[in-house]
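Asks: Here is my input; please provide its structure:
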Amino acid sequence: MSSNNPFGPKGSRAAPPTSRQTSPDDAIVRGTGLRPLENEQIVHSLKRGEFESNLQGEGLGLFLTDRRLILHGTHRIFLVIPSGRKVRAAYLEDVDTAGVQTKRLSQWLLAVGLFLLLVGFAGMIAGGQDDGSLSRSDGVTVLVVGAIATLLWILIKRDQVVFSVAGSDHFEFDTFKGSSGTDRAAEFLNAFYRLRPELKVRR
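Replies: Numbering: from 1, shown residues only. Got it, this is the predicted structure:
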């Protein structure tokens, strides 16, 4: 009986190409420890910044092979500080839907920005009074910071490639347009649909 585990346990479906011990250098994606399936090849990828990948000594990104979808990323604190690694894999035939959704930055940034705008306005109005309120110059500073935070939330958007696996599990990966203006998310989806042409794009 073969296994449906995309992480590569023993079985006819997930057998490694040879019976020898797989070393970390033989992983299908560097740093994941996932063994390549028989004759499996990576056909497309969306990679994290080279600086972050080199810093951690791992290949971070979303990888499409001719057999599996592999997500290798990090959990983050405050959207910036890496706090842990995540490795997920699914067979292509188990993917139900795929598409792109556009998302903004965290709503916490908007909340903080609006709060600082209110505090800054209050400081400017009450500035100079001896009641413990902000001075007018401090109010202006807080107002500017709040305005910057709010504008960042409004202006910055990112495309997120989303794959639904087995009806409920989701693979999500943030991407931005390449330096040449190419739509990297669309390129990845086109590569995926060449392998799974029966699926429709979910927008």
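Asks: In this model H72 seems to touch T32, though I could be wrong.
Replies: Yes - using Cβ atoms under 8 Å, T32 makes contact with H72 at a distance of 5.2 Å. C-beta: built from backbone N, CA, C; applies to glycine.
Asks: out of the two, which sits in the busier spot?
Replies: H72 (26 against 21; other Cβ atoms under 10 Å).
Asks: and the more buried one, which of the three is it?
Replies: strand (DSSP: H, G, I helix; E, B strand; the rest coil).
Asks: Next SSE downstream of the one helix or strand in the chain whose mean pLDDT sits lowest?
Replies: Least confident helix or strand of the chain, by mean pLDDT, DSSP states H and E, is helix 50-56 with a mean of 45. Next helix or strand after helix 50-56 toward the C-terminus (DSSP states H and E): strand 61-65.
Asks: Would you mind listing the outside residues contacting that next one?
Replies: By Cβ atoms under 8 Å, 6 or more residues apart in numbering, the list of residues contacting strand 61-65 from outside reads 28-29, 37, 40-48, 53, 69-73, 161, 171, 173, 188, 191-192, 195.
Asks: Please check those residues and keep the buried ones.
Replies: 28-29, 37, 40, 44-46, 48, 53, 69-73, 161, 171, 173, 188, 192, 195 (16 or more other Cβ atoms under 10 Å).
Asks: can I assume G120 sits in a strand?
Replies: No - counting by three-state DSSP, one finds G120 to be helix, located in no strand.
Asks: Can you give me the separation between it and F192?
Replies: 47 Å (Cβ to Cβ, to the nearest Å).
Asks: domains of this structure?
Replies: 24-104+156-202, 110-154 (automatic domain parsing).
Asks: Pick out the shakiest of those domains, pLDDT-wise.
Replies: Mean pLDDT values for the domains of the chain show the minimum at domain 24-104+156-202, a mean of 78.
Asks: my read: T150 touches A111, true?
Replies: No - look at T150 against A111 with Cβ under 8 Å: they stay out of range, at 9.8 Å.
Asks: So if I had to pick from those two, which one is more boxed in?
Replies: Shown here are T150 and A111; by other Cβ under 10 Å, T150 has more neighbours (19 against 13).
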